[in-house]
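Q: dropping a prediction and its sequence here:
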Amino acid sequence: MLITEIIELPRGRRKIRLSDDSLITLYKGELKQLNIEVGAELTDEAYEKIMTEILPKRAKLRALALLTKRTYTEKQIRDKLYDGGYPEDIIDSTIEYIKDKNCLNDYEYCRTYLAYNSTGKSKKRMISDLRSKGVSMDIIDKALQSAEEDGDMSDEEELIRKLIVKRHYDPESATYEERMKMMSYLYGKGFDTDVISRLI
């Protein structure tokens with residue numbers, strides 16, 4: 001395949017566009033090593049080396065480096081690798097690799113998230129947050145059921161009462177405007193409107 005364009009990226013990376021319009025991201029030193037330049041042919045051997053050695057190894061190292069700093073969902077790792085210019089099939093194989101190493105588990109991510117956040121967020125808000133991180137509803141449901149069975153979920157009515165106290169809200173003396181403001185605050189946190197109305 002013909003190399004039609006080389007685009008300079010931050011941190012010494014280069015995006016190589018091939019004649020079939022596919023893109024490969026490499027480092028400057030690798031271009032030199034593989035004799036990659038605009039107008040030259042990318043040999044089958046060089047392409048094979050890139051796709052079976054260089055990129056898979058780098059994708060695995062990148063994913064593992066991310067996971068040593070904090071936990072991620074599968075979608076978050078996929079997005080990071082996609083942003084790094086890795087092809088879809090290499091992303092897929094990397095995800096399988098780190099799952100096999102027990103470094104990536106959306107269910108465990110959910111359980112940890114629920115245990116840590118249930119004292120400050122409504123169930124509805126936590127579900128929304130997890131969905132935005134790409135976790136499937138099926139996994140969230142299983143994690144919620146397990147968290148509830150293990151007693152890791154806070155009682156939402158008690159949580160609302162604590163938030164009311166924390167914001168120095170007195171239902172007995174509150175004006176209409178103060179009541180509406182408090183309702184809006186609690187609704188924004190994802191609490192059920194019927195429960196909010198009953199407690200404030």
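A: Looks like it arrived, so ask away.
Q: please parse the protein into its domains.
A: In terms of domains, the chain is parsed into 1-42, 47-103, 106-149, 156-199 (source: automatic domain parsing).
Q: grab the most central residue of the chain for me.
A: Gln76 (2.7 Å; Cα atoms, centre = their mean).
Q: that residue touches Val135, doesn't it?
A: No. Taking Cβ atoms under 8 Å as the definition, Gln76 is not a contact partner of Val135, at 9.6 Å. The C-beta positions use only the backbone N, C-alpha and C, and glycine is treated the same way.
Q: and the residue nearest to the centre of the chain, what does it touch?
A: Lys133, Gly134 (Cβ atoms under 8 Å, 6 or more residues apart in numbering).
Q: and it, which of the three is it?
A: helix (DSSP: H, G, I helix; E, B strand; the rest coil).
Q: kindly report the same for the one 4 residues further on.
A: In the three-state summary, Lys80 is assigned as helix, counting by three-state DSSP.
Q: what's the burial count for it?
A: Residues lying near Lys80 (other Cβ atoms under 10 Å) number 16.
Q: how about Leu199?
A: Per other Cβ under 10 Å, the neighbour tally for Leu199 reads 17.
Q: for it, which non-adjacent residue is closest in space?
A: In this structure, Leu199 finds its nearest non-sequential neighbour in Ile160, 5.3 Å apart by Cβ to Cβ, 6 or more residues apart in numbering.
Q: and the contacts of whatever helix or strand that neighbour lives in?
A: Using DSSP states H and E, Ile160 sits in helix 156-166. With contact meaning Cβ under 8 Å, 6+ apart, helix 156-166 is reached by 119-120, 122-123, 171, 182, 185-186, 189, 191-192, 195-196, 199-200.
Q: buried only: go through the residues you listed for me.
A: Among the contacts of helix 156-166, those scoring as buried are Ser122, Lys123, Met182, Tyr185, Leu186, Lys189, Phe191, Asp192, Ile196, Leu199, Ile200 (criterion: 16 or more other Cβ atoms under 10 Å).
Q: can you list these in a markdown table and add pLDDT?
A: Output for the buried ones among the contacts of helix 156-166, formatted as a markdown table (pLDDT from 0 to 100):
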| residue | pLDDT |
| --- | --- |
| Ser122 | 89 |
| Lys123 | 90 |
| Met182 | 91 |
| Tyr185 | 90 |
| Leu186 | 90 |
| Lys189 | 84 |
| Phe191 | 88 |
| Asp192 | 83 |
| Ile196 | 87 |
| Leu199 | 84 |
| Ile200 | 82 |
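Q: and the most far-flung residue of the chain relative to its centre, which of the three is it?
A: In the chain, Ser173 marks the outermost C-alpha relative to the chain mean, sitting 43.7 Å out by Cα atoms, centre = their mean. At Ser173 the chain is in coil, as set by three-state DSSP.
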